[in-house]
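**Student:** any chance you can model this:
(2 chains)
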Amino acid sequence: MSNTGRSSANSWLMLLLAGGFEVGYALSVGGSHGFTRLSWSLVAVVFFLLTLWALSVALRTIDVGIGYAVWAGIGAAGAALLSPVFFDEVLTPAQALWLGLIIVGVVWLKLADKPQSAKKPVETPRGAEGIDARL
Amino acid sequence: MQWLYLAIAVVFEIAVAIAAGKAEGFKNRKWTIVTLVSGAIGTYFLSKALLTFDVGVGYAIWTSISGIGITLLGALFFGQRLNWRKAIGIAAIIIGVVGLQLSGAA
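**Tutor:** Just a heads-up that it's a prediction; the model follows:
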């Protein structure tokens, strides 16, 4: 069904967006220094609302286990990538390796999720009435 | 005591994910409130735990146990089919997050 396929694609888009907001949340919480800086703290609260809203929209069609892993994975990967830009930190080769594993996992889950939601209902085989129910 | 804080933070993180799934994009008011309140309480207890835990280690334990718990609860109580392909993908991401945080990203 094309409708199911489209809503699944939208959900994944929303899940990636939620991951992006999670990155913003992680960075602004870090920048708020334990919520002692007002401007960073306010930004963190905004991202907190946005990330949970987007996650909630995505989870309407995506399994919670998959959705959470992708959301947390993008959040961690994005924060590791962008921390050097904002906070004078460096990205080590080991971190880049783990980052790669997260990205592979996200892509893998997207591919594993697709056939399930796009699959048409399988017709029940005929000529086996009454037998398969007992097996 | 820091283990108790971390355990409480895990419980609320699991509650966030389950409630966010039921909040229908914040259209269901009750579950939206559960999502936001759980998120705030979870963040508070995580920050308490991170006062003693090393930040990277604390985050690694928190996300990994939460992720495994959410996946198992989703499969056990919410009828979400877990096959080996999904399990591998979820495991890869969780391992990646743990590795990233243990190698000092946070």
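**Student:** when you work out contacts or count neighbours from here on, use the C-alpha atoms and nothing else.
**Tutor:** OK.
**Student:** so where is chain A shaky, pLDDT-wise?
**Tutor:** Chain A contains residues with pLDDT under 70 at A:1-7, A:114-135.
**Student:** er, chain B actually
**Tutor:** Within chain B, the stretches with pLDDT under 70 are B:104-106.
**Student:** I figured A:Ala77 hits B:Ile94, correct?
**Tutor:** No: using Cα atoms under 8 Å as the test, A:Ala77 is too far from B:Ile94 to be in contact (11.3 Å).
**Student:** between the two, which contacts overlap?
**Tutor:** Residues within reach of A:Ala77 and of B:Ile94 at once, by Cα atoms under 8 Å, 6 or more residues apart in numbering or on different chains, are A:Ile102.
**Student:** now do the helices in the chain.
**Tutor:** Using chain A here. With DSSP state H as the criterion, chain A has helices at A:2-31, A:38-58, A:64-87, A:93-118.
**Student:** not quite, I wanted chain B
**Tutor:** B:2-22, B:29-49, B:55-77, B:84-102.
**Student:** for B:Leu102, which non-adjacent residue is closest in space?
**Tutor:** Excluding its sequence neighbours, the residue lying closest to B:Leu102 (Cα to Cα, 6 or more residues apart in numbering or on different chains) is B:Gly56, at 5.3 Å.
**Student:** what does B:Gly39 give?
**Tutor:** Nearest residue to B:Gly39, sequence neighbours excluded (Cα to Cα, 6+ apart): B:Val16, at 5.8 Å.
**Student:** spit out the contact partners of that neighbour.
**Tutor:** Contacts of B:Val16 by Cα under 8 Å, 6+ apart are B:Val34, B:Thr35, B:Leu36, B:Ser38, B:Gly39.
**Student:** report how many residues lie close to the residue lying closest to A:Ser28 once chain neighbours are set aside.
**Tutor:** Spatial nearest neighbour of A:Ser28, chain neighbours left out: A:Ala44 (5.0 Å); criterion: Cα to Cα, 6+ apart. A:Ala44: 24 surrounding residues under other Cα atoms under 10 Å in any protein chain shown.
**Student:** try B:Gly58
**Tutor:** 23.
**Student:** give me the nearest residue to it, chain neighbours excluded.
**Tutor:** B:Leu50 (6.1 Å).
**Student:** I'd say the one you found and B:Trp62 touch.
**Tutor:** No: contact between B:Leu50 and B:Trp62 fails when scored by Cα under 8 Å: they sit 10.3 Å apart.
**Student:** follow-up on the earlier one: the residue nearest to B:Leu102 touches B:Gly99, doesn't it?
**Tutor:** No: at 9.4 Å, B:Gly56 and B:Gly99 do not qualify as touching, with contact defined as Cα under 8 Å.
**Student:** tell me how far B:Glu24 lies from A:Lys110.
**Tutor:** Look at B:Glu24 and A:Lys110: by Cα to Cα, to the nearest Å, they are 21 Å apart.
**Student:** what does B:Ile33 give?
**Tutor:** B:Ile33 is 29 Å from A:Lys110, where distance means Cα to Cα.
**Student:** so for these two, which sits in the more crowded spot?
**Tutor:** A:Lys110 (19 against 15).
**Student:** coming back round to it: what's the most buried one of the helices of chain A?
**Tutor:** Ranked by mean neighbour count, the helices of chain A are led by helix A:64-87 with a mean of 23 (mean count of other Cα atoms under 10 Å in any protein chain shown).
**Student:** pull that helix out as CSV, backbone CA atoms only.
**Tutor:** These are the backbone C-alpha positions of helix A:64-87, laid out as CSV (Å, rounded to 0.1, in the frame of the first residue of the first chain):
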residue,chain,number,x,y,z
VAL,A,64,9.5,2.0,20.3
GLY,A,65,12.7,-0.1,20.5
ILE,A,66,13.9,0.9,17.1
GLY,A,67,12.8,4.5,17.6
TYR,A,68,14.6,4.9,20.9
ALA,A,69,17.8,3.4,19.6
VAL,A,70,17.9,5.6,16.5
TRP,A,71,16.9,8.7,18.5
ALA,A,72,19.6,8.2,21.2
GLY,A,73,22.1,7.1,18.6
ILE,A,74,21.7,10.2,16.4
GLY,A,75,21.8,12.3,19.6
ALA,A,76,25.1,10.8,20.8
ALA,A,77,26.7,10.8,17.3
GLY,A,78,25.7,14.3,16.5
ALA,A,79,26.8,15.6,19.9
ALA,A,80,30.2,13.9,19.4
LEU,A,81,30.5,15.4,15.9
LEU,A,82,29.5,19.0,16.9
SER,A,83,31.1,19.3,20.3
PRO,A,84,34.5,20.0,18.7
VAL,A,85,32.8,22.9,16.8
PHE,A,86,31.2,24.5,19.8
PHE,A,87,33.3,23.5,22.8
